[in-house]
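> this one's structure only:
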């Protein structure tokens, strides 16, 4: 991100990226959130201090995705249920998709279910290889894939639903058997399969949900998706947005029915606008503030 701010704390439509991921997890039924911190850990802890269901685990050395999950072992001990593993830089994740992933794990009694998506734009992404019966076989990274495997359009999104105890047992067997000498979480499904456990892949997500933000260009891309969702919901609930392309409204803004939002309006933070108002054109409101019913702000 070329920034002094940790990536997951960058804001999209008024909310930190990681908060969208946390909200999706909660919507899927998650009751405890373990946030694994590393770079500028204290800033992340402070930013999320208001979330009562969040605990933290720290990865001091960056030794791979599997190593990161190992840092949460103390928080996972004694948990017999499912564990969702998600990336904090994927703010387009939807709770319904994560619930589908958890349901697939329960339905198939699986040690692990890998969340996948289907896309023709699969360049550089890990392919999900299935056997002749359509069952999960393995994940092959793009650089290691054969010509036929590169034609596969089902890709690994990096979202997983594990059995808690079996996740811990597979982490204990992880080895840094790669050029980077890192512990890869993607090795855990194969470890579980070799131990005779059922591992499945569920195409429960869209490719948009899998978008991870690694630079400001991708930050702008996911903002477009979230902003469109916000504006569409407002319009379906009776708000007129004259020109969505020239309007910016944060996720925590509330607007009443029959209110008209004219071009050039920017609404940031906790702004509440009543019914039958007219806002704009070219008005910038920053919350917290409330606009009463039947008000014209021009």
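Yep, that arrived. Treat the numbers as computed from the prediction; the structure is a model and nothing was measured.
> ok, residue 31 to residue 200 distance?
Using Cβ to Cβ, to the nearest Å, residue 31 is found at 24 Å from residue 200. Quick note: C-beta positions are derived from backbone N, CA and C, even for glycine.
> So between those two, which is more surrounded?
Using other Cβ atoms under 10 Å as the criterion, residue 31 and residue 200 rank with residue 200 on top: 19 against 8.
> quick one: that one and residue 109 touch, right?
No. Under the criterion of Cβ atoms under 8 Å, residue 200 makes no contact with residue 109, lying 9.6 Å away.
> Could you report the pLDDT at the closest residue to residue 14 other than its chain neighbours?
Distance criterion Cβ to Cβ, 6 or more residues apart in numbering; nearest residue to residue 14, sequence neighbours excluded, is residue 250 at 3.1 Å. pLDDT for residue 250: 98.
> Repeat that for the one 5 residues further on.
Residue 255 carries a pLDDT score of 98 in this model.
> now do residue 144
84.
> That one: neighbouring residues, count only.
Counted with other Cβ under 10 Å, the neighbours of residue 144 add up to 10.
> The one 3 residues further on too?
Residues lying near residue 147 (other Cβ under 10 Å) number 6.
> again, but for residue 134
Counted with other Cβ under 10 Å, residue 134 comes out at 8.
> ditto for residue 120
A total of 8 residues lie near residue 120 under the criterion other Cβ under 10 Å.
> separation between it and residue 152?
11 Å.
> before we move on, what about residue 217?
Taken as Cβ to Cβ, the span from residue 217 to residue 152 is 27 Å.
> Look at those two and report which has more neighbours.
Between residue 217 and residue 152, counting by other Cβ under 10 Å, residue 152 is the more crowded of the two (18 against 8).
> The residue nearest to residue 227 when sequence neighbours are not counted and residue 246: what is the separation?
Nearest residue to residue 227 in three dimensions, chain neighbours excluded: residue 13, at 5.7 Å (Cβ to Cβ, 6+ apart). For residue 13, the distance to residue 246 equals 16 Å [Cβ to Cβ].
> out of these two, which sits in the busier spot?
The neighbour comparison of residue 13 against residue 246 (other Cβ under 10 Å) goes to residue 13, with 21 against 16.
> Identify the residues contacting the more buried one.
By Cβ atoms under 8 Å, 6 or more residues apart in numbering, the residues touching residue 13 are 223, 226-227, 230, 249-251.
> Farthest-apart pair in those residues, please.
Maximum pairwise distance in the contacts of residue 13, criterion Cβ to Cβ, is 11.7 Å, between 223 and 249.
> Show me which of those two is the more surrounded one.
Per other Cβ under 10 Å, whichever of residue 223 and residue 249 has more neighbours is residue 249, with 24 against 17.
> Pretty sure the more buried one sits against residue 235.
No. Residue 249 is beyond contact range of residue 235, at 10.9 Å (criterion: Cβ under 8 Å).
> average pLDDT for the longest strand anywhere in the chain?
Determined from DSSP state E, the single longest strand within the chain is strand 154-163. Strand 154-163 shows a mean pLDDT of 96 in the predicted model.
> That strand - contacts with which helices or strands?
strand 82-85, helix 95-108, strand 112-118, strand 127-130 (3 or more Cβ pairs under 8 Å, 6 or more residues apart in numbering; DSSP states H and E).
> which one of those is the most hemmed in?
Stretch with highest mean neighbour count among these: strand 112-118 (a mean of 25; mean count of other Cβ atoms under 10 Å).
> How far does it sit from its chain's centre?
From the chain centre to the centre of strand 112-118 is a distance of 14 Å (Cα atoms, centre = their mean, to the nearest Å).
> strand partners of that strand, parallel vs antiparallel please.
Note on strand 112-118: by DSSP bridges, its sheet partners are strand 154-163 (antiparallel), strand 199-202 (parallel).
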